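S.K.: Sharing a sequence plus its predicted fold:
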Amino acid sequence: MPNLLHIDCSVRRDESVTRSITAVFAEEWRAAHADGGYVYRDIGAAPVPHIDEAAVVAGLLPPEAWADEHRVGWSVSEPLIEELRAADTLLLGVPMYNFSIPSVLKAWFDRVTVKEHMITVPGTEGLLTDKRTIVVTARGGSYAPGTPRESFDFQAPYLRALLEQIGLDRHLEFVHAEMTLAHSVPALEQFKPIADTSREEALETVRRLAAA
Ligand SMILES: Cc1cc2nc3c(=O)[nH]c(=O)nc-3n(C[C@H](O)[C@H](O)[C@H](O)COP(=O)(O)O)c2cc1C
């Protein structure tokens, strides 16, 4: 049975571009996989606690060596790790915040990037390498090749590096919706058509990916 793990992390709800696009992917994927499992985690609304020493140490020690604090620390990380391992497809909705990813998503990565998932030798297989990963980003501006802010994109390259170190880059697709601030910032009004086209293209892409 295929399983989809869908994670959103925007602090916005109804106005969120990432949420609106990941929702379309999830809806179409579920229609195409009637027998599939679906897990939704909204870490924008319910953030994952930051990693702490107890969880880090628990991840390095065998369970029989754990003290109570390690059990407590691991009890936060374990469900997140299990959800990720159980998924065949990981869907991430990722707004650009200060040229990078929201801190709540970083907190999730800090919990699931455990030694069992690490690809220590590039190109070798790991526990997560069979999975498909779809990353839907939304950016207020544009960071496309050839744009003035291309080199300010620390979101997609950073995510690619993070995903690569746990083997989630083997079947990885990025879908970008750009210039989203054109609809709320008067100075960017002229870019509304670019924003609309970018969003439409992103929606078209996720529909295609969900059906594949
Ligand atoms: C805290 C914060 C930081 C942001 N930083 C950037 C940024 O560095 N570059 C950018 O292009 N847009 C930035 N934006 C705009 C968001 O990327 C944009 O509104 C995007 O659509 C957010 O995703 P969402 O629509 O799913 O909420 C920022 C927005 C917030 C709330």
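M.R.: Sure, I can see it.

S.K.: Strands of the protein, start to end?
M.R.: In chain order, the chain shows strands spanning 3-8, 37-42, 89-95, 132-138, 172-177, with DSSP state E as the criterion.

S.K.: With mean neighbour count added, can I get those strands in a markdown table?
M.R.: In this view, the C-beta of every residue, glycine as well, is placed from N, C-alpha and C. Output for those, formatted as a markdown table (neighbours: other Cβ atoms under 10 Å):
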| stretch | mean neighbour count |
| --- | --- |
| strand 3-8 | 22 |
| strand 37-42 | 15 |
| strand 89-95 | 25 |
| strand 132-138 | 24 |
| strand 172-177 | 19 |
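
S.K.: Beta-bridge partners for the residue nearest the centre of the chain, please?
M.R.: Nearest to the mean C-alpha position of the chain, by Cα atoms, centre = their mean, lies Leu92 at 2.9 Å. The bridge-partner assignment for Leu92, based on DSSP bridges, gives Ile7, Val135.

S.K.: Would you mind listing what in the chain touches the ligand?
M.R.: By Cβ under 6 Å from any ligand atom, the part of the chain that sits against the ligand consists of 10, 12, 16-19, 95-99, 138-141, 180-181.

S.K.: Apply the buried test to those residues and list what passes.
M.R.: Neighbour-count burial (16 or more other Cβ atoms under 10 Å) is assigned, among these, to 10, 16-19, 95-97, 138-141, 180.

S.K.: Just those: which are in helices?
M.R.: The helices in this structure, assigned by DSSP state H, contain Val17, Thr18, Arg19 from these.
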